[in-house]
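In: I'd like to go over a predicted model; first the sequence, then the structure.
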Amino acid sequence: MDYTFHWRPVIKALPDLFSAALITLEAAVLSMIVGIIIGLILAMMRLYGNRPMYFFATVWVELARNTPALLQLFFFGFGLGAFGWHLSPFMIVLCGLAFNNAGYLAENFRGGFQAIPKPQYNAARCLGMSASQTYTRIIIPQVFKLVYYPMTNQMVWAVLMSSLGMLVGFRELSGATQFLASNTFRLFEFFLVAAVFYYVLVKLILLVAHLISRKLFTY
């Protein structure tokens, strides 16, 4: 094996890689927040909406779940650009991830709604609660409890799939790693360290999710 490792350029670039990792986390968290909001709306449209609303939500879910995430990213990056809508690399990644997250989370939420016994809804209405109060205080909290762990997995997916942003010029962890590695010609060292960053990010997300679940779901 003739390859010689040189770690000095990587060590010097660690602050840049750390900043890029924070950008990765920021994009993933924002895309999850948007995805949760839209996914919840899509789930309710599929369950309780009229035919046009059901059709719209179904098309969204089908496209998000049955087309590659890379193509979805390219749609927001190059597809919209063909119509004169030019988004920044950050917005391209945010929109692409949020679109995909919403599609997957919508199905998780739909399953959560269907798992709630209907008598709970009827009982809340009999006690004088409005429909909105019933959903916000009784139904939706239980749905979030049921889909909490699938949501955690989706968050991990968002962090890992944000690496596709390097293909649209987004300087997140993978994009920054590619840029630094190309300038120093230390591809293996940089991407090995980037893999460690991703691993640590995922483990931190899982740890935080576990701590939150212990606070929220203590009986």
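Out: Now that the structure is in, tell me what you want to look at. Residues are numbered from 1 along each chain as shown.

In: ok, how many other residues are close to the residue nearest to residue 97 when sequence neighbours are not counted?
Out: Take residue 97 and drop its neighbours on the chain: the residue closest to it by C-beta to C-beta, 6 or more residues apart in numbering is residue 31, 3.5 Å away. Heads up, the C-betas are built off the backbone N, CA and C, glycines and all. Counted with other C-beta atoms under 10 Å, the neighbours of residue 31 add up to 26.

In: how far away is residue 31 from residue 214?
Out: Counting by C-beta to C-beta, to the nearest Å, the separation of residue 31 from residue 214 is 25 Å.

In: Now do residue 110: how many residues are near it, please.
Out: 22.

In: now do residue 131
Out: Residues lying near residue 131 (other C-beta under 10 Å) number 12.

In: for residue 127, same thing?
Out: Neighbour tally, residue 127, other C-beta under 10 Å: 10.

In: May I have the residues that are in contact with it?
Out: Contacts for residue 127 (C-beta atoms under 8 Å, 6 or more residues apart in numbering) come out as none.

In: Which parts of whatever helix or strand residue 92 lives in count as buried, going by neighbours?
Out: For residue 92, the host element (DSSP states H and E) is helix 89-115. By neighbour count on 16 or more other C-beta atoms under 10 Å, the buried set for helix 89-115 is 89-90, 92-110, 112-113.

In: What helices and strands are in contact with it?
Out: Judged by 3 or more C-beta pairs under 8 Å, 6 or more residues apart in numbering; DSSP states H and E, the packing partners of helix 89-115 are helix 14-48, helix 51-66, helix 69-74, helix 140-146, helix 148-161.

In: Would you reformat the ones you listed as TSV and include distance to residue 130 and mean pLDDT?
Out: Formatted as TSV, the helices and strands packed on helix 89-115 follow (distance: least, C-beta to C-beta, whole Å; pLDDT from 0 to 100):
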stretch	distance to residue 130	mean pLDDT
helix 14-48	15	94
helix 51-66	21	95
helix 69-74	37	92
helix 140-146	14	86
helix 148-161	26	93
